[in-house]
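Student: Attaching a predicted model along with its sequence, questions to come.
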Amino acid sequence: KIITAWNGLMISSYARASVILQDPVYLERASAAAGFIRNNLYQESNGRLHRSYRNGSSQVGGFLQDYAYLIQGLIDLYETSFNIHWLQWALQLQKKQDILFWDDVTGGYFTVTGEDASILLRIKDNFDGAIPSPNSIAAMNLLRLSQIIDDSSHRRRAEKTIRAFSPSFIKSPRSMPHMLSAMGFYLDTPKQIILSGDRFAPTTKAMLKEIYRHYLPNKVILLADGAEGQEFLNQKLAILKTINPVDGETKAFVCENYTCDMPTTQVATLTRLLKRSE
């Protein structure tokens, strides 16, 4: 059977591998998997995910991990393909996840919706084991999305999630490394790295490869392509309205708090800017 959550994890891995290993086959497979889930395990009418597929979609609704892992996969897929539709879907799923699973009293997400009367107790998973806790991934997703669309409400929800589990990771930090990574993102000043140009241009691909060559966990990557993707992001980020592709060149902007260094068209200069941020 095909499980939505596990495919979300695979999409993340394949999307990143496509850039790191410079193998487009991984990106094709990640995109194909996301497309399969969209077509077979997602209900357009109500924005909900199904849990699994075998000879057709199951009637079991998605759990928290299905939403959180898939959202992570879609963010990674956007940051490697720059296909804006994956980011738009991630934002839609995040809204639905907040509606279905969020605990507005103490923060964090329940593992199930609570709509099944046979489930008497809703719990919150907080252990990063063989697979990460969906709450850890959810906190990081919120922080990344807050940077991508400059939305403070996502950041506040991430903060409340981290605080909800702080007694656990203070007592046993080794049990929640992914939540600690989210806290590191929260406490840091993340970079916004913006590439301005055609997403299929060789220079764009070379710059993206260079970005992934550096250890910069607290960052988001955006594309200003002067087309559909930028049109959507312009509604969210004022800074992108001032950045447009010129003369077919790809420019790289390394920004902090949406204030950018001078742009560069040279990969070597981008390297120096990224090393300064490591």
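Tutor: Structure's in. What do you need? Numbering: from 1, shown residues only.

Student: Need the per-residue pLDDT for the residue of the chain most remote from its centre.
Tutor: Relative to the C-alpha centroid of the chain, counting by C-alpha atoms, centre = their mean, S118 is the outermost residue, at 32.8 Å. The model reports S118 with a pLDDT of 73.

Student: you'd agree it is in a strand?
Tutor: No - under the criterion used here (DSSP: H, G, I helix; E, B strand; the rest coil), S118 is coil, not part of a strand.

Student: ok, now how distant is it from L21?
Tutor: For S118, the distance to L21 under the criterion C-beta to C-beta, to the nearest Å works out to 45 Å. The C-beta positions use only the backbone N, C-alpha and C, and glycine is treated the same way.

Student: how far does the longest helix anywhere in the chain sit from the chain's center?
Tutor: Taking DSSP state H as the criterion, the chain has its longest helix at helix 152-171. Averaging C-alpha positions (C-alpha atoms, centre = their mean, to the nearest Å) puts helix 152-171 17 Å from its chain's average.

Student: ok, the nearest residue to T106 once chain neighbours are set aside - contacts?
Tutor: Closest residue in space to T106, ignoring its immediate chain neighbours: A164 at 5.4 Å, by C-beta to C-beta, 6 or more residues apart in numbering. Contacts of A164 were listed using C-beta atoms under 8 Å, 6 or more residues apart in numbering, and they are 103, 106-108, 124, 135.

Student: ok, now F63?
Tutor: 5, 51, 111-112, 134 are the contacts of F63 under C-beta under 8 Å, 6+ apart.

Student: Would you quantify the distance from it to F110?
Tutor: The value you get for F63 to F110, if C-beta to C-beta is used, is 10 Å.

Student: same check, this time on L223
Tutor: Applying C-beta to C-beta, the value for L223 to F110 is 35 Å.

Student: now the helices: where do they sit in the stretch 101-250 of the chain?
Tutor: For the stretch 101-250 of the chain, applying DSSP state H, counting those that start in this stretch gives helices covering 134-149, 152-171, 177-187, 202-213, 228-234.

Student: Next, the angle helix 177-187 makes with the second one.
Tutor: In other words, helix 152-171. Relative orientation of helix 152-171 with respect to helix 177-187: 130 degrees, computed using axes from the mean of the first three to the mean of the last three C-alpha atoms, to 10 degrees.

Student: Could you export helix 152-171 as PDB, CA atoms only?
Tutor: As requested, the backbone C-alpha atoms of helix 152-171 are provided in PDB (Å, rounded to 0.1, in the frame of the first residue of the first chain):
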ATOM      1  CA  SER A 152       3.900  36.200  11.500                       C
ATOM      2  CA  SER A 153       0.900  34.000  12.300                       C
ATOM      3  CA  HIS A 154       2.900  30.900  11.200                       C
ATOM      4  CA  ARG A 155       5.800  31.900  13.400                       C
ATOM      5  CA  ARG A 156       3.600  32.400  16.400                       C
ATOM      6  CA  ARG A 157       2.000  29.000  15.900                       C
ATOM      7  CA  ALA A 158       5.500  27.500  15.600                       C
ATOM      8  CA  GLU A 159       6.600  29.200  18.800                       C
ATOM      9  CA  LYS A 160       3.600  27.900  20.700                       C
ATOM     10  CA  THR A 161       4.300  24.300  19.400                       C
ATOM     11  CA  ILE A 162       8.000  24.500  20.500                       C
ATOM     12  CA  ARG A 163       6.900  25.800  24.000                       C
ATOM     13  CA  ALA A 164       4.300  23.000  24.300                       C
ATOM     14  CA  PHE A 165       7.000  20.400  24.000                       C
ATOM     15  CA  SER A 166       9.800  22.300  25.800                       C
ATOM     16  CA  PRO A 167       9.500  20.300  29.100                       C
ATOM     17  CA  SER A 168      10.100  17.100  27.100                       C
ATOM     18  CA  PHE A 169      13.200  18.200  25.200                       C
ATOM     19  CA  ILE A 170      14.600  20.000  28.200                       C
ATOM     20  CA  LYS A 171      14.300  16.700  30.100                       C
END
